[in-house]
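Visitor: Predicted model and sequence follow; I will ask about them next.
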Amino acid sequence: MTNAYIAEQLEAFASLLDLSGAGYYTSRAYRRAAETIRETKAPIAELVAAGRIQDLRGIGPGIAGRLRELVETGRLAELDELKQEVRPELVGLGRFLGIGPKRMVEIGRALSVSTADEFREAARAGRLTSVRGIGPQTERRLLERLDNEQRPQRKGMLLNRARALLEEIAAAVGGEVAGDPRRWADTSFDFAVVCAADDASPILDRFAELPTIVSVLERSERRITGVTVEGVPVEIVVAEPSRFGTELVRATGSPAYVEALGELPAAADEHELYARLGVPWCPPELRDLPFRGEPPALLERPAIRGDLHVHTTWSDGKASVLEMALAARDLGYEYIAICDHTPNVRVVPGLDADDLRRQAEEIAAVNAEVAPFRVLRGTEVDIRRDGELDLPDDVLDELDWVQLSLHAGQREARDQLTHKVTEAMRHPAVRALSHPKGRIINHRPPNELDLERTFEVALETGVAVETNGLPDRLDLSGPELKLAIEAGVPIVVSTDAHSVRGLANMRLAVHTARRGWATAADVVNTQPLADLLQRGQNSEPRNGRTVPP
């Protein structure tokens, strides 16, 4: 019984639980378990037989019982019962199309179809608009998705989880993080740790015995691959000390980058290897594509003087203004900007003009306590559907830092979306555009914002663009930042922290900026506070600089 089949059964069970009125968290748990099983390389049936299935993260006693039933009998009795009530094939297609289970069954009944193929036939025959609630625009969107129908792409692990996983393993075996996480990729698929030792056996044994390793897939004299509780394979490479640098470069990748370097000589460290190749050492963040030139002096975390995007309990944050200020000061910052949401976001509390003026009193009191550290009055002002800003001009003019955000309308057409955003950028109070592409990694693709046009307006107005340190955003991404920097657009590197702990996401934002070839000179919040406050809407934009391909 394959892992794919087991995952499919759990996914179908979760969908049918939705339709039967089961609790949201119950069906979500089964979906998460299905995702874990689908990505796990170890044979699930063997883990079930060995009584170790609950070693995988997200597999509790209830789901473990279902898995035992499935492995031992080849079926889930309750799944068979639910199949008599609803049509799981339609539900599965609906998930691909972005239609909820109940709504998909309703559409199926309205069209008198019971299978995915019958639904496709009805859709392509122009019958969708006969269903209540489906208009021409929705029909067009569904037909486009049907035309692009394919198996869902594998989801990578978010950067924060990938780094934490490998850093823990590397510390346990005395090695260095490699693979996608060492390049600080947005999502990780390839996980590796490289060690140096004359005798590899003790390290390989230690890795196999780690609590986070649930199964060993392969083992050779100097390599071992094991599956973690996250369901991902991790390779340990134990190099001879004289070849540690060679194997670290190879395991860091990307494959295209390594291949372009040619045959790798033996080297005890990376700098020695690059010297023998006759090319400058290259930071891991820049190793996605082939490159043999001189890299710039990339942005370093100590160069960041302040965080210009944090939230507090006034909106959807978990800490007060004072708590965020003290934590930021302890990190060595000179300033932070409180940028709570405005009312248009709706799904979280938002501050109107009166709220912001009341918040100003609290900020003034905090500034008196934490001086010379400075808390800036700011806002993450929403762009409304009509293109207007979600606050009146008089309060925007009072603030130290105004950044735009678009939370609704991410699926709007390219021209409409771009016009709305760029016109909002022209407001004289606006200083930055936050998470411009609106993506949620593994859940929502980037919007259709025309970055070339956006960068043109940024240069006209002096508005900076942000890379956002939330692990599921990292928006703008490294390649997008590179385009902005090539154009001469100023960058903001911020966390979007909603808690004291969230301030630590600055390292994700910094490394994402480094993947975009950012130097300290490219980043607004490397400036002293006085320079930051003087940098106005009509400041001269910097000349673009050439970034190597």
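Guide: Perfect, I can see it now.
Visitor: Tell me which stretches of the stretch 201-350 of the chain form helices.
Guide: Ranges of helices within the stretch 201-350 of the chain are 201-208, 244-252, 255-261, 270-277, 321-330, based on DSSP state H, counting those that start in this stretch.
Visitor: Longest strand in the protein, by number of residues?
Guide: In the chain, assigned by DSSP state E, the strand with the most residues is strand 374-382.
Visitor: Could you export that one as PDB, CA atoms only?
Guide: Written as PDB, here are the backbone C-alpha positions of strand 374-382 (Å, rounded to 0.1, in the frame of the first residue of the first chain):
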ATOM      1  CA  ARG A 374      12.300  56.200  19.200                       C
ATOM      2  CA  VAL A 375       8.900  54.700  18.500                       C
ATOM      3  CA  LEU A 376       7.500  56.200  15.200                       C
ATOM      4  CA  ARG A 377       3.800  56.800  14.700                       C
ATOM      5  CA  GLY A 378       2.900  54.800  11.700                       C
ATOM      6  CA  THR A 379       0.100  52.900   9.900                       C
ATOM      7  CA  GLU A 380      -0.300  50.000   7.500                       C
ATOM      8  CA  VAL A 381      -3.000  51.900   5.600                       C
ATOM      9  CA  ASP A 382      -5.200  49.700   3.400                       C
END
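Visitor: which other residues reach whichever helix or strand comes after it?
Guide: Next along the chain after strand 374-382, taking DSSP states H and E as the criterion, comes helix 393-398. Outside of helix 393-398, the residues within contact range by CB atoms under 8 Å, 6 or more residues apart in numbering are Ala353, Leu356, Arg357, Ala360, Arg377, Thr379, Val381, Leu389, Val402, His427, Ala429. From N, CA and C alone the C-beta is placed, and that goes for glycine too.
Visitor: what's the closest of those residues to Arg38?
Guide: Nearest to Arg38 among the contacts of helix 393-398: Val381, at 40.5 Å, using CB to CB.
Visitor: thought Ser27 was touching Glu11?
Guide: No: if you go by CB atoms under 8 Å, Ser27 and Glu11 don't touch, sitting 10.0 Å apart.
Visitor: Excluding chain neighbours, what is closest to the residue most central in space within the chain?
Guide: Nearest to the mean C-alpha position of the chain, by CA atoms, centre = their mean, lies Asp472 at 2.5 Å. Using CB to CB, 6 or more residues apart in numbering and skipping residues adjacent in sequence, the residue nearest Asp472 is Ile441, 4.8 Å away.
Visitor: Now for that neighbour, how many residues are close by?
Guide: Using other CB atoms under 10 Å, Ile441 has 20 other residues around it.
Visitor: Now do Asp496 against Gly502, distance only.
Guide: 7 Å (CB to CB, to the nearest Å).
Visitor: Name the residues contacting each of the two.
Guide: Common neighbours of Asp496 and Gly502 (CB under 8 Å, 6+ apart) are Val310, Leu470.
Visitor: Now the terminal residues of stretch 94-108, how far apart.
Guide: One end of stretch 94-108 to the other measures 10 Å (CA to CA, to the nearest Å).
Visitor: Next: stretch 204-223.
Guide: End-to-end span of stretch 204-223 (CA to CA): 7 Å.
Visitor: Also stretch 423-443?
Guide: End-to-end for stretch 423-443, by CA to CA: 28 Å.
Visitor: ditto for stretch 36-50
Guide: 18 Å.
Visitor: Helix or strand next in line after the helix or strand harbouring Leu417, which one?
Guide: Assigned by DSSP H and E, Leu417 falls within helix 414-425. Once the chain leaves helix 414-425, the next helix or strand it forms, by DSSP H and E, is strand 432-433.
Visitor: Quick check: the residue nearest to the centre of the chain is in a strand.
Guide: No: counting by DSSP: H, G, I helix; E, B strand; the rest coil, Asp472 falls outside a strand, being coil.
Visitor: Check it and give its pLDDT.
Guide: Asp472 is assigned 94 on the pLDDT scale.
Visitor: For Val500, see how far away it is.
Guide: Where Val500 is concerned, Asp472 sits at a distance of 19 Å (CB to CB).
Visitor: Asp198 too?
Guide: Distance from Asp198 to Val500, by CB to CB: 45 Å.
Visitor: go on, Pro296?
Guide: With the distance defined as CB to CB, Pro296 ends up 33 Å from Val500.
Visitor: Also Pro528?
Guide: Relative to Val500, and taking CB to CB, Pro528 is found at 24 Å.
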